[in-house]
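>>> output the structure for:
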Amino acid sequence: MTGLPRSLIRRIEALRVDKEEAEAFDGKATWVDVYEVDIEIFGVCVKGARVAAVSSETGFLGRDFLNEYHICLNGPAETTTLGQG
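Predicted coordinates for the structure are as follows:
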C-alpha cells in the first residue's frame, strides 16, 4: 500500500475510508488508517488512490501503485518518466 505522511493527509483534509492491517517495514503487522486521495506524480493523475497514513514525514509508493505503472529514472539525462502498464 502507498503511504503518505499523516501531516499531509491532515492538511489536505482527506477522507478516511477504512482501517486495515498492513505489514510494516520491519515485518510486523500493524493497523493503519486508509484514506482516499488523488495523487499526481510526474504529470499522471491517479484518482481515488487508497493510501495509508504514516508517521514519518516521507511517503512511499507501494506495490499497489508500482504494479500499475512503470517508472524510468534516467540519471545521465536527469529525467523521470511514468507510464501505465
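
>>> ok, residues contacting the biggest helix by length in the chain?
Scanning the chain for the longest helix, with DSSP state H as the assignment, gives helix 6-11. Applying Cβ atoms under 8 Å, 6 or more residues apart in numbering, the external contacts of helix 6-11 come out as 35, 37, 51, 53, 54, 55, 57, 59. Glycine gets a C-beta too; all of them are placed from N, C-alpha and C.

>>> gap between the strand or helix carrying the third one and the chain center?
Element membership of residue 51, judged by DSSP states H and E, is strand 44-54. Its chain's average C-alpha position is 6 Å from that of strand 44-54, according to Cα atoms, centre = their mean, to the nearest Å.

>>> in its sheet, which strands sit next to it, and in what direction?
In the sheet, strand 44-54 lines up against strand 2-5 (parallel), strand 29-41 (antiparallel) (DSSP bridges).

>>> highest mean neighbour count out of those strands?
strand 2-5 (a mean of 18; mean count of other Cβ atoms under 10 Å).

>>> and it, C-alpha only, in CSV?
Output of strand 2-5 as CSV, limited to C-alpha atoms (Å, rounded to 0.1, in the frame of the first residue of the first chain):
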residue,chain,number,x,y,z
THR,A,2,1.2,3.5,-0.8
GLY,A,3,1.9,5.7,2.3
LEU,A,4,1.6,9.4,2.8
PRO,A,5,2.7,11.5,5.8
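
>>> hey, what's the residue nearest to residue 52 when sequence neighbours are not counted bridged with?
Counting by Cβ to Cβ, 6 or more residues apart in numbering, residue 32 is the residue found nearest to residue 52 once chain neighbours are left out, at 4.1 Å. In this entry, residue 32 is beta-bridged to residue 20, by DSSP bridges.

>>> so residue 64 sits in a helix?
Yes. Checked against DSSP: H, G, I helix; E, B strand; the rest coil, residue 64 lies within a helix.

>>> strand partners (parallel or antiparallel) of whichever strand or helix holds residue 71?
Per DSSP H and E, residue 71 falls inside strand 69-74. Paired with strand 69-74 in the same sheet, following DSSP bridges, are strand 79-84 (antiparallel).

>>> got the buried residues for the partner strand?
For strand 79-84, the neighbour count (16 or more other Cβ atoms under 10 Å) marks no residue as buried.
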